[in-house]
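A.B. asks: sequence first, then the predicted structure:
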Number of protein chains: 4
Amino acid sequence: KIRVGILGASGYTGAELVRMLLRHPNVEIAALTAERQAGKPMAEVFPHLGGYGLPDLVKIEELKWDGLDFIFCALPHGTTQEVIAGLPSGLKVVDLSADFRLSDPAEYATWYGHEHRAVDLQKEVAYGLTEFNRQGVRKARVVANPGCYPTCSLLPLLPLLMENQIEPGGIVIDAKSGVSGAGRDAKQANLFTEVSEGFNAYGVGHHRHMPEIEQELRLAAGRPVTVSFTPHLVPMNRGMMATIYVRMADGVTADDLRATLAARYADEPFVGVTPAGVVPATRHVRASNHNLIGVVADRAPRSAIIVSVIDNLVKGASGQAIQNMNVMMGLGETTGIDQAPLFP
Amino acid sequence: KIRVGILGASGYTGAELVRMLLRHPNVEIAALTAERQAGKPMAEVFPHLGGYGLPDLVKIEELKWDGLDFIFCALPHGTTQEVIAGLPSGLKVVDLSADFRLSDPAEYATWYGHEHRAVDLQKEVAYGLTEFNRQGVRKARVVANPGCYPTCSLLPLLPLLMENQIEPGGIVIDAKSGVSGAGRDAKQANLFTEVSEGFNAYGVGHHRHMPEIEQELRLAAGRPVTVSFTPHLVPMNRGMMATIYVRMADGVTADDLRATLAARYADEPFVGVTPAGVVPATRHVRASNHNLIGVVADRAPRSAIIVSVIDNLVKGASGQAIQNMNVMMGLGETTGIDQAPLFP
Amino acid sequence: KIRVGILGASGYTGAELVRMLLRHPNVEIAALTAERQAGKPMAEVFPHLGGYGLPDLVKIEELKWDGLDFIFCALPHGTTQEVIAGLPSGLKVVDLSADFRLSDPAEYATWYGHEHRAVDLQKEVAYGLTEFNRQGVRKARVVANPGCYPTCSLLPLLPLLMENQIEPGGIVIDAKSGVSGAGRDAKQANLFTEVSEGFNAYGVGHHRHMPEIEQELRLAAGRPVTVSFTPHLVPMNRGMMATIYVRMADGVTADDLRATLAARYADEPFVGVTPAGVVPATRHVRASNHNLIGVVADRAPRSAIIVSVIDNLVKGASGQAIQNMNVMMGLGETTGIDQAPLFP
Amino acid sequence: KIRVGILGASGYTGAELVRMLLRHPNVEIAALTAERQAGKPMAEVFPHLGGYGLPDLVKIEELKWDGLDFIFCALPHGTTQEVIAGLPSGLKVVDLSADFRLSDPAEYATWYGHEHRAVDLQKEVAYGLTEFNRQGVRKARVVANPGCYPTCSLLPLLPLLMENQIEPGGIVIDAKSGVSGAGRDAKQANLFTEVSEGFNAYGVGHHRHMPEIEQELRLAAGRPVTVSFTPHLVPMNRGMMATIYVRMADGVTADDLRATLAARYADEPFVGVTPAGVVPATRHVRASNHNLIGVVADRAPRSAIIVSVIDNLVKGASGQAIQNMNVMMGLGETTGIDQAPLFP
């Protein structure tokens, strides 16, 4: 069995890794770290994970690396790059933070307010949108797991841009996320009383997932792409939807877009395209690693509306991380992450 | 006191009218109708309205019109036009259905699937977006109360189109509503278990509020306007947000848009514009007749994002209906609907 | 107009006082205090309260007491007693904290872990369960506003104990509250993700509202009463229910209990008793100052089940506080707090 | 592989069976029935179950029984008894309805309003509270799967009654359930707008799970037991809690109760007992087949409070049904139902 360590196991993505890895036949959870909670049993931090014989939480500096084969790094953005740069060079890593997603150090500095602290490492990191980079992921030592919004937006957009069926200009991504994406830190804005029975936009015009989306769209389109991207907070725990407004190339129809996506994803286990007339909802993928995509013709000429849904904690984070581990370790890609969605 | 009758009092907009009119100093609730629930006390249909001495529910044909001064009509779409056409000609009416909102009978027939049954009456109906039609409302016998999505979308867009600060083409309205907009009929799709912990789009590409929005935008722009409009369902009872993506005219900035809106609404009691950097949320207007509007510059050149919020049952329905009644009856416009929002 | 100061206006009960007092015809909100938020406009702390010309938040020590006629004290438990002891002696006060609710200093010390710091003042304080202490409240300078759980439990139980229709022993109060009762401080346990889609008990066996309930039951029963009291957290913002299991005196029936309560509250504007067969729900009183009580016969002999509901922020806190102010100032008792419930 | 048929697959318990059986290594889902939805693909009725190659829904009379090895019957109460009586005698069945839970035909008639239609069959049915009837379940052809409330209540109470540590009289079970227990039929009372932001009791004094609970408690206590049982509806999809108030036998302490339960369940894979001071919450067992039990000493002498939680759709229905199938078919008891809980 692969002896896995999870750095930053006291957050939601860490707990979600544990939940799925507990049922992974090729994995043993060998180490869990957390800074403030170090010394506690995992069941004290996450009571739903009691009874599984999990290792207690320790500080990163207490880890014995030679007992580990693989690392998931679920640390906060900004703190991760130095930790990963300092790992033994034989350890493979999937990093769930944003630290290695932007390949251009200048762009990183612009959006994160400081110089990247592991620029050399950045060069060998593979971007882990699995469906588009299997070869890169397979050979990589470090994989940068994509953000939830980029995953939800890129899976529908990349094939359409690559086929020149939509224009790179004027793409509007109106995105909505459940609250778990905000993490487990105690913040007034995320209290039940502040979030429930309400709906709000946030990070309007300047969310950090925007450059990540544009970086990948640029690669697909072969030229710079600027998107309108607005994230919103939905009073639900899990789930993410991107409602995407695109302008089609001359002569292309919404049916063409759907056919392109259906063909592109016909053999993908985790991406589905809904039939004409069916629009996916977040509850159709809850707690699963699935992405569902629907395409609708708009009334305005050459306009189409694309709806893409994922579970932000699974395909948008921990599930895709395990998918990448499976690829990196030569396992079946769906191993341990093939649960059907949970409804209701 | 004005003796008011509410037709269709067993739905949410009917109950919401009652809630607010109970505190209106110039109104007496004199009659309540409901078809299937006729004969019951209101408190049996809406237990929260017990203890107020409300009249029992009766069928419309049992009403004695000469005991009434004013009618709110909250009947289902399609059934309303004949009822209103048959009312005594001295009775003033605010109609909360969609039946008289489209002024073009051909457009009505296209979107509703049958010929309008009161075309003559349609000509004298005033469209009741109060802030833009006070004179018309004041003189009207019948006012068509706007839909919730049109109210939420038009209040920010109309001044900007009138001032030629945004282009009429390419407007994207990504709208989100609480579940109360779906009414009180028992439908599987609106069960708690189907709605909570999820998010979905509906009516993509063909929602009936679309022609209503375009009708008013056309009047403001002086030429046909086709919008992209996608409504979504949020797991909350009340609240509506429109996230609107617009393209600004040459040389215009987001600050200009905000200034135009702030100037236009400076003296309006129910419409507010948030300062730069503040984006309104639905919870800021819950249970009130307020509309709040925020404007943010997008990164793409000449693009701006506008966020508009209302309570769909108040400013989006019953509150605006009372606002129109106040204007029609020469009362202070805020009478009875000046409650502060409810939070949390 | 009565010039009112609200100490501790940055919490939910403070905001709720503001919401209702804005519509109180005899009140002017003259001062608002908050420690950490001092210097900010109220609309920055509570955006839903923008546009009302409210005074900015100041620290308590910056207040000019001679500009004020009445104080609502919504400070945290434990910090309140010294503040109130130091107020000018002419100022009337309703205290929403727990500091003056227990009349026995020894009991206070037992449950709160320190000696009471204003024992002398404690003697002149009136317990503000308005329906049972109007005379005391009318004459008091300082009123201790009851806790939410005590209000919800005592209103049904006191008349039945006074009439000897139920036994003082073996009373079980299984209580459920919305999350707003936990306040606005950032705590992990109250995050949306921790609370929604779940249900839990808390403070089992040792909640601080227990001695308050027992103190008042003892007065009504004329002898010591020990209740089983378990509070639970419901994933909703507002609302409180007490499901109370009682043993009836020999020969007494559930119908007798209902008749006793109905007679006792026949003239009370804020307390209602539902007819046989109707059980009240929290949504029937949401956002109102109402208490509704239902009584059901149990199958076990001499057993009855009583269901009592309030809005924890209104009748359970700020609404009852204003009710007490109205009594203390000789105003109509329902002034400013006669809103109908909000549903849905 | 065991070829399984699910009768009544269009409800929530049917879908939940499918979700878990899809990952069961020894099962093939061979047939799905539904009356009104017959002819449709499962993915049309439950979009989250698309992509698994499930059989289409058919009517029961269209089933070919000889292609099946095992039946789960998730039909509505009252309609089930005749269906099961008519099955080929070689087919093993777990029945999730209430039809075979009460062993006394007279009691059945009293609570369900009609004579039982398969009294002979009733005699050979095993009550499927697995932890207390493994031998009976192993040998049975038909197992009556317990109700959700009985499962949640009996698991903590049975060992304590068997050990005479609590008194059979005066037990109060205050129970709370998520909304999925109400099923998927379109009912106004279960609309999102009617349920969310509220809390209510239902079936007070006469819920049909009461005689089932009392039947099993009577067997454990060796004499008739009458409980006070009040179910409540929590605005969440899944989860169930029973807060149970018991009177302990002379000399017994809460620690004794906890020790008894811990010893009884030490080797049970699905039942856990929390340490002193820890009270379980529904979110600790969400989407899992777990039951967690906590015990707290009350302040009143000889009183204790027991908190028991399950997921009503899993251990309270479909999970326990699969657990029983595993026992009936000689498989490992946890096969296919060993998922960790889902949080958040």
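C.D. replies: Now that the structure is in, tell me what you want to look at. Residues are numbered from 1 along each chain as shown, chains lettered A, B, ... in the order given.

A.B. asks: so after the lengthiest helix in chain A, what's the next helix or strand?
C.D. replies: Of all segments of type helix in chain A, defined using DSSP state H, the longest is helix A:148-162. Later in the chain than helix A:148-162, the nearest helix or strand by DSSP states H and E is strand A:172-177.

A.B. asks: so what strands line up beside that following strand?
C.D. replies: Note on strand A:172-177: by DSSP bridges, its sheet partners are strand A:228-233 (parallel), strand A:240-247 (antiparallel).

A.B. asks: go through these and pick out the most buried.
C.D. replies: strand A:240-247 (a mean of 26; mean count of other CB atoms under 10 Å in any protein chain shown). Bear in mind the C-beta positions are built from the backbone N, C-alpha and C, glycine included.

A.B. asks: what angle do helix A:148-162 and it make with each other?
C.D. replies: 30 degrees (axes from the mean of the first three to the mean of the last three CA atoms, to 10 degrees).

A.B. asks: following the chain past strand A:240-247, name the next helix or strand.
C.D. replies: helix A:254-264.

A.B. asks: mean confidence for the helix or strand just after that next one?
C.D. replies: Next helix or strand after helix A:254-264 toward the C-terminus (DSSP H and E): strand A:271-273. For strand A:271-273, mean pLDDT rounds to 98.

A.B. asks: what angle do the very next helix or strand once past strand A:271-273 and helix A:254-264 make?
C.D. replies: Towards the C-terminus, the helix or strand next in line after strand A:271-273, according to DSSP H and E, is strand A:291-297. Interaxial angle, strand A:291-297 versus helix A:254-264 (the same axes, to 10 degrees): 160 degrees.

A.B. asks: mean confidence (pLDDT) on strand A:291-297, please.
C.D. replies: For strand A:291-297, mean pLDDT is 98.

A.B. asks: go on, stretch A:115-131?
C.D. replies: Here the average pLDDT along stretch A:115-131 is 93.

A.B. asks: returning to that earlier point: C:Val204: which of the strands paired with strand A:172-177 is closest?
C.D. replies: strand A:228-233 (32.6 Å; CB to CB).

A.B. asks: A:Ser177 versus the closest residue to A:Leu129 other than its chain neighbours, what's the distance?
C.D. replies: Among residues not flanking A:Leu129 along the chain, A:Pro146 sits closest, at 4.9 Å (CB to CB, 6 or more residues apart in numbering or on different chains). Using CB to CB, to the nearest Å, A:Pro146 is found at 14 Å from A:Ser177.

A.B. asks: which of these two has more neighbours?
C.D. replies: Shown here are A:Pro146 and A:Ser177; by other CB atoms under 10 Å in any protein chain shown, A:Pro146 has more neighbours (31 against 26).

A.B. asks: who touches that one in this structure?
C.D. replies: A:Arg101, A:Tyr127, A:Gly128, A:Leu129, A:Leu154, A:Glu212, A:Gln320 (CB atoms under 8 Å, 6 or more residues apart in numbering or on different chains).

A.B. asks: change it to 10 Å
C.D. replies: Contacts for A:Pro146 (CB atoms under 10 Å, 6 or more residues apart in numbering or on different chains) come out as A:96, A:98, A:101, A:127-130, A:132-133, A:152-155, A:209, A:212-213, A:216, A:315-317, A:320-321, A:324.

A.B. asks: out of those, list just those in helices.
C.D. replies: A:Cys152, A:Ser153, A:Leu154, A:Leu155, A:His209, A:Glu212, A:Ile213, A:Glu216, A:Gln320, A:Ala321, A:Asn324.

A.B. asks: who wins on neighbours among the residues you listed?
C.D. replies: That'd be A:Cys152 among the ones in helices among the contacts of A:Pro146, by other CB under 10 Å, with 31 neighbours.

A.B. asks: shouldn't that one be in contact with A:Met240?
C.D. replies: Yes: applying CB atoms under 10 Å, one finds A:Cys152 in contact with A:Met240, separated by 5.1 Å.

A.B. asks: what's the overlap in contacts for those two?
C.D. replies: Shared contacts of A:Cys152 and A:Met240, counting by CB under 10 Å, 6+ apart, come down to A:Ala175, A:Lys176, A:Ser177, A:Thr282, A:Asn291, A:Ser308, A:Val309, A:Ile310, A:Asp311, A:Asn312, A:Lys315, A:Gly316.

A.B. asks: contact residues of the stretch 1-150 of chain A facing chain D?
C.D. replies: Contact residues (CB under 10 Å from any CB of the partner chain) of the stretch 1-150 of chain A with chain D: A:12, A:15-16, A:18-23, A:43-44, A:46-52.

A.B. asks: just the buried ones out of the residues you listed, please.
C.D. replies: Buried subset of the residues of the stretch 1-150 of chain A next to chain D (neighbour count, 16 or more other CB atoms under 10 Å in any protein chain shown): A:12, A:15-16, A:18-23, A:43, A:46-50.

A.B. asks: if A:Asn200 is in a bridge, with which residues?
C.D. replies: A:Leu233.

A.B. asks: likewise A:Gly272?
C.D. replies: With DSSP bridges as the rule, A:Gly272 is bridged to A:Leu292.

A.B. asks: next, count neighbours for it.
C.D. replies: 20.

A.B. asks: same question, the one 10 residues further on
C.D. replies: Residues lying near A:Thr282 (other CB under 10 Å) number 26.

A.B. asks: which residue sits closest to it, ignoring its sequence neighbours?
C.D. replies: Nearest to A:Thr282 is A:Gly239, by CB to CB, 6+ apart, at 3.2 Å.

A.B. asks: how about that neighbour, phi and psi?
C.D. replies: phi 120, psi 150 (degrees, to the nearest 10).

A.B. asks: and A:Ile6, by the same measure?
C.D. replies: Per degrees, to the nearest 10, the backbone of A:Ile6 is at phi -120, psi 110.

A.B. asks: give me the residues contacting the lowest-mean-pLDDT helix or strand in chain A.
C.D. replies: Among the helices and strands of chain A, helix A:119-124 carries the lowest confidence by mean pLDDT, DSSP states H and E, at a mean of 88. Helix A:119-124 is contacted by residues A:81, A:84-85, A:87, A:93, A:99-105, A:108, A:116, A:139-142, A:144 when judged by CB under 10 Å, 6+ apart.

A.B. asks: likewise for stretch A:47-55?
C.D. replies: Against stretch A:47-55 from outside (CB under 10 Å, 6+ apart): A:5-6, A:9, A:15, A:18-19, A:22, A:28-33, A:41-44, A:46, D:269-270, D:272, D:274-275, D:278-281, D:283-288, D:290, D:292, D:340-344.

A.B. asks: now it: average pLDDT?
C.D. replies: pLDDT averaged over stretch A:47-55 gives 96.

A.B. asks: how long is it end to end?
C.D. replies: 14 Å (CA to CA, to the nearest Å).
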